[in-house]
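Chemist: missing the sequence, but the structure's below:
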């Protein structure tokens, strides 16, 4: 009598895990410029490079499209997004409004523990700027990113989804690949400290105003570059 075939119930889970891991790898490759802006996405090449089958790869590419890191162009195919100055101004306009709201809500909802963690974080950022002369201050991400923490502290799931998922990696891509002349790490750190002080003092109006001004100043740098 022949043996019953063994059903592998873990197979779909393994494929999903592969796709998630590959998505994270591809995000970092694009954000850091190892897969260049504007470059065409070749599925056979990526499948060979990352040693994965086409199924998980296609899922990962679809996720990157959802994050705005890849776009499909008719008669051309999938390409890595190119962040034009105009697109950046639009991105920062959206950030100014939404992160201002996040700061307001954070001032109302943040816990004392989270405030303490943010104070520790900014102390670490200050030391980091001194160590590297500000060169990679804006490469911080996730829990090491001041803005990310403020958005999470807002406790508003819609803001978290928009700013920490849909727009976040586009912002990281710009931060990572922008010229050093377009950054202002020392000034940004001081503004972060003022924003945190307003949040710590539970002043929603001031927290929103300071966050909006902070992002508006970064947007002004982009617009200045656009006009030059």
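Modeler: That came through, no problem. Since we're looking at a predicted model, the values are computed, not measured. Numbers count the residues shown, from 1 in each chain.

Chemist: ok so residue 100 is a strand residue?
Modeler: No - looking at residue 100 with DSSP: H, G, I helix; E, B strand; the rest coil, it is helix, so not inside a strand.

Chemist: ok, it touching residue 212?
Modeler: Yes - using CB atoms under 8 Å, residue 100 is in contact with residue 212, at 4.0 Å. Yep, even glycine has a C-beta here, placed from its N, CA and C like the rest.

Chemist: any residues in contact with both of those two?
Modeler: Taking CB atoms under 8 Å, 6 or more residues apart in numbering as the contact rule, residue 100 and residue 212 have no neighbour in common.

Chemist: okay, buried residues for stretch 193-200 please.
Modeler: 193, 195, 196, 198, 199, 200 (16 or more other CB atoms under 10 Å).

Chemist: any idea which element the fourth one lies in?
Modeler: Just to be clear, that refers to residue 198. For residue 198, the enclosing helix or strand under DSSP states H and E is helix 185-200.

Chemist: one more: residue 147?
Modeler: Using DSSP H and E, residue 147 sits in helix 146-153.

Chemist: what's the offset of the next helix or strand after that helix from the middle of its chain?
Modeler: Note on helix 146-153: by DSSP H and E, the next helix or strand toward the C-terminus is helix 157-161. Taking CA atoms, centre = their mean, to the nearest Å, one finds helix 157-161 lying 13 Å from the centre of the chain it belongs to.

Chemist: can you list the domains in the protein?
Modeler: 9-78, 83-225 (the TED database).

Chemist: immediately after the helix or strand hosting residue 44, which helix or strand?
Modeler: In this structure, residue 44 is located in helix 43-50 according to DSSP H and E. Going down the chain from helix 43-50, the next helix or strand is helix 54-66, by DSSP H and E.

Chemist: list the buried residues of that next one.
Modeler: Buried, per 16+ other CB under 10 Å, within helix 54-66: 56, 57, 59, 60, 61, 63, 64.
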